[in-house]
Structure formats: C-alpha cells, structure tokens
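Novice: Test case, fold it:
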Amino acid sequence: MSSFVLSCCSIADTTPAHLKSRNIPFANFHYIIDGKECIDDMGVSMTMNDFYSAMVAGADAHTAQVNVEEYIRFFTPFLEGGLDVLHVALSSGLSGSYNSARIAAEMLSEQFPERKLYIVDSLAASSGVGLIMETLADMRDEGMDIDQLYQWIEQNKKTMHLWFCSTDLTFFVKGGRVTKAAGWFGTVLKICPVLNVDYLGRLIPRFKIRGKQKALKELVNQMEEHAQNGLDYNGKCFICQSACMEDAKMVAADIEKRFPKLNGKVQIFDIGPTIGCHAGPGTTAVFFWGDERTN
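Specialist: Predicted structure coming up:
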C-alpha cells in the first residue's frame with residue numbers, strides 16, 4: 001500500500017473504471033445543460049452520446065469548475081487518513097481550477113502541517129491529463145515516492161503533447177476560439193482547424209486545413225514530428241473523441257502503423273462533458289510524450 005494518493009479531476013477524460021483500476025480518485029467538475037446542473041462523472045449519469053445529441057439539438061451547455069470548498073472536502077479524508085496527496089489539475093491556461101486547488105491546499109496545510117499536499121498545474125487537458133496520471137501511476141507502482149513523482153512531473157509536464165482537430169466550428173465560435181466570420185467561411189470551405197496546447201497550457205489554433213481527412217492526418221504528422229524518438233516512440237498514446245468514433249479509430253490505426261514500438265495499443269476515450277461543452281461534437285485529439293513545448 002502506498003503512503004500517498006495520486007488524484008486528478010474528472011477532466012482527465014478516461015473512464016471512472018480506468019482511474020479506479022489505477023487507484024486514482026478524482027474530483028468532479030460540473031456542467032450546466034439547459035439550466036440544469038450536472039456532475040461531470042465522465043458519462044456515467046448522462047451518456048456522452050446523449051450529451052452531444054443535446055448540443056447538436058441546440059442545448060445551452062457551459063461549465064463550472066471545482067471551487068475551493070469542494071477541493072477541501074475532496075482532500076480532507078485522505079489527509080485525515082494519514083496520506084499525502086499529489087493532485088494534478090487542469091491547465092491554468094484554460095481554467096481557474098488549479099488556483100482553487102492551490103488555495104485549498106494552503107488552507108489545509110494549517111490543519112495538517114505534517115502532511116504533504118502537492119498541487120500540479122498540468123498545463124494539459126482532457127486525456128492529456130489522463131495520460132499524465134497513467135504515467136505517474138506506472139512510476140508509483142514501480143516504487144517512486146511522492147517527492148520523486150512531484151519533481152518528475154514538474155520537470156516533464158511540458159513534454160506532454162496535445163493536438164486536436166474539429167470538423168464542426170460551431171462550438172469554437174461560441175467559445176470565442178474562432179470568430180463568427182471565420183466560422184462561416186470555415187464551414188463553407190470545409191476548413192478543419194488543427195490546434196494544440198502551448199507551453200503555457202493555452203489552446204492555440206495552429207493550422208487551417210481544408211478537408212477532414214487531411215486534418216486527421218495532420219494530427220499523426222505532428223506526432224511524428226514531436227514524439228520522443230520520432231517513429232521509434234515507445235511510450236503510450238491516448239486519443240479522445242466527441243461523437244466521431246470512426247475518425248478516432250482511423251487516427252489510431254494510422255498511429256499504430258507508423259509507430260510500431262508503441263507501448264500497447266492506442267487507447268480511445270470520450271471527450272467528457274467539461275471539455276465537450278467547449279469543443280462540441282466532431283473533435284478528435286491525440287496525446288503523447290514528446291519534445292518540450294516552448295515559446
């Protein structure tokens with residue numbers, strides 16, 4: 001039994017069963033759909049098919065981050081049980097949840113001065129956080145202690161790569177990532193933006209590619225360019241998708257063909273409701289370890 005807990009939030013976009021199998025508890029974000037507040041439990045209480053169908057039908061969907069009080073309630077039982085905690089938060093470039101977790105940790109340090117409570121700004125999102133947690137869990141199971149894990153992720157978090165493309169600009173326009181004019185022309189011309197998360201953890205448009213197939217291929221091209229050891233990459237790769245499973249399967253097959261030394265098969269997950277409120281349906285994302293993201 002470990003003397004510490006690895007934890008994250010529901011924006012890790014794997015599955016509750018997967019996180020449970022790795023002994024990783026998670027705090028729940030919230031989302032509001034047509035005025036009703038729901039818990040982001042990664043599609044358990046509302047399936048992701050139903051969620052994205054509601055968005056396509058015009059439902060108003062937005063998010064609510066975990067607040068300080070919720071983080072205090074989440075961390076306290078572990079600390080009371082004599083366990084230290086290493087918590088990996090959604091990128092500060094995308095949400096204020098990291099700051100809320102940090103404030104909660106500062107408040108709890110007064111109550112539990114003998115305990116360690118590390119809060120990591122992942123500079124990542126979605127299954128990128130999921131892949132970070134997977135890697136940390138592997139290292140934990142190999143015997144690394146909490147201090148070693150904290151030092152490792154702080155030194156290596158910018159080597160987590162997150163590349164996305166979308167076939168539907170509607171929700172990027174709503175979220176302000178794409179202007180209305182650009183969204184209209186993009187739809188008419190069938191432009192699929194390719195985006196990544198930069199070194200400050202912000203979602204940045206990188207390429208405007210005409211045609212879905214070319215955009216999906218560009219995700220794999222970027223992996224080839226940036227993955228550790230290039231085509232000899234031997235780490236794990238996660239993909240997540242929002243109501244476009246066939247696109248995700250096609251990208252996974254291409255990756256497995258191009259990268260024969262992968263550590264296992266590419267794992268495909270749903271984009272959960274918190275990230276999905278902003279991405280909308282038709283988004284495919286690829287996550288892998290690579291070179292360091294710089295300015």
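
Novice: Would you mind giving me the confidence score for Gln65?
Specialist: For Gln65, the pLDDT comes out at 87.

Novice: how much space between it and Arg258?
Specialist: Counting by Cβ to Cβ, to the nearest Å, the gap from Gln65 to Arg258 is 37 Å. In short, each C-beta sits where N, CA and C put it, glycine included.

Novice: Would you mind telling me which of these two has more residues around it?
Specialist: The neighbour count for Gln65 versus Arg258, taken as other Cβ atoms under 10 Å, is higher for Gln65 (20 against 16).

Novice: For the chain, just list every one of the strands.
Specialist: Using DSSP state E, the strands of the chain run over residues 4-9, 26-27, 30-33, 36-39, 61-64, 84-89, 117-121, 160-166, 191-197, 203-210, 238-241, 267-270, 283-289.

Novice: how far is the second one from where the chain is centred?
Specialist: Computed by Cα atoms, centre = their mean, to the nearest Å, the chain-centroid distance of strand 26-27 equals 13 Å.

Novice: contact partners of it?
Specialist: Ser7, Cys8, Cys9, Ser10, Ala12, Pro16, Leu19, Val66, Glu70, Tyr71, Phe74 (Cβ atoms under 8 Å, 6 or more residues apart in numbering).

Novice: 7 Å instead?
Specialist: Ser7, Cys8, Cys9, Ser10, Ala12, Leu19, Val66, Glu70, Tyr71, Phe74 (Cβ atoms under 7 Å, 6 or more residues apart in numbering).

Novice: Enumerate every residue touching the last one.
Specialist: The neighbours of Phe74, taking Cβ under 7 Å, 6+ apart as the test, are Ala27.

Novice: how much space is there between it and Ser10?
Specialist: Plainly put, Phe74 is 11 Å away from Ser10 if you go by Cβ to Cβ.

Novice: Please tell me how far Thr47 sits from Asp270.
Specialist: 9 Å.

Novice: more neighbours, these two?
Specialist: Applying other Cβ under 10 Å to Thr47 and Asp270 shows that Asp270 carries more neighbours, namely 25 against 11.

Novice: need the helices for this structure, in chain order.
Specialist: 16-21, 48-56, 68-80, 97-111, 127-141, 146-156, 170-174, 180-189, 212-226, 245-258, 273-279 (DSSP state H).

Novice: dump the residue contacts of Ala125.
Specialist: Contact analysis of Ala125 by Cβ under 7 Å, 6+ apart lists Ile11, Leu90, Ser91, Leu94, Leu162, Val197, Ile275.

Novice: at 8 Å what do you get?
Specialist: Contacts for Ala125 (Cβ under 8 Å, 6+ apart) come out as Ile11, Leu90, Ser91, Leu94, Leu162, Val197, Gly201, Leu203, Ile275.

Novice: Now for the closest residue to the last one other than its chain neighbours: which residues touch it?
Specialist: Nearest residue to Ile275, sequence neighbours excluded (Cβ to Cβ, 6 or more residues apart in numbering): Ser126, at 4.8 Å. Ser126 makes contacts with Ile11, Ala12, Asp13, Leu162, Cys240, Ile271, Gly272, Ile275, Ala285, Phe287, as judged by Cβ under 8 Å, 6+ apart.

Novice: let's see 10 Å
Specialist: Contacts for Ser126 (Cβ atoms under 10 Å, 6 or more residues apart in numbering) come out as 11-14, 90-91, 94, 162, 164, 197, 238, 240, 242, 269-272, 274-276, 279, 283, 285, 287.

Novice: same question, Arg206
Specialist: Contacts of Arg206 by Cβ under 10 Å, 6+ apart are Trp163, Phe164, Cys165, Pro193, Val194, Leu195, Asn196, Asp198, Glu218, Gln222.

Novice: What number of residues are in the vicinity of the first one?
Specialist: Each residue near Trp163 was counted by other Cβ under 10 Å, and the total is 24.

Novice: What of the second one?
Specialist: Around Phe164 there are 25 other residues, counting by other Cβ under 10 Å.

Novice: which residues sit in contact with the residue nearest to it when sequence neighbours are not counted?
Specialist: Among residues not flanking Phe164 along the chain, Ala285 sits closest, at 4.4 Å (Cβ to Cβ, 6+ apart). Listed by Cβ under 10 Å, 6+ apart, the contact partners of Ala285 are 13, 125-128, 162-166, 195-197, 219, 238-242, 248, 251, 269, 271, 275, 279.

Novice: now swap in Ala227 and tell me
Specialist: Each residue near Ala227 by Cβ under 10 Å, 6+ apart is listed here: 159, 161, 233-235, 237, 255, 258-259, 262, 286, 288-291.
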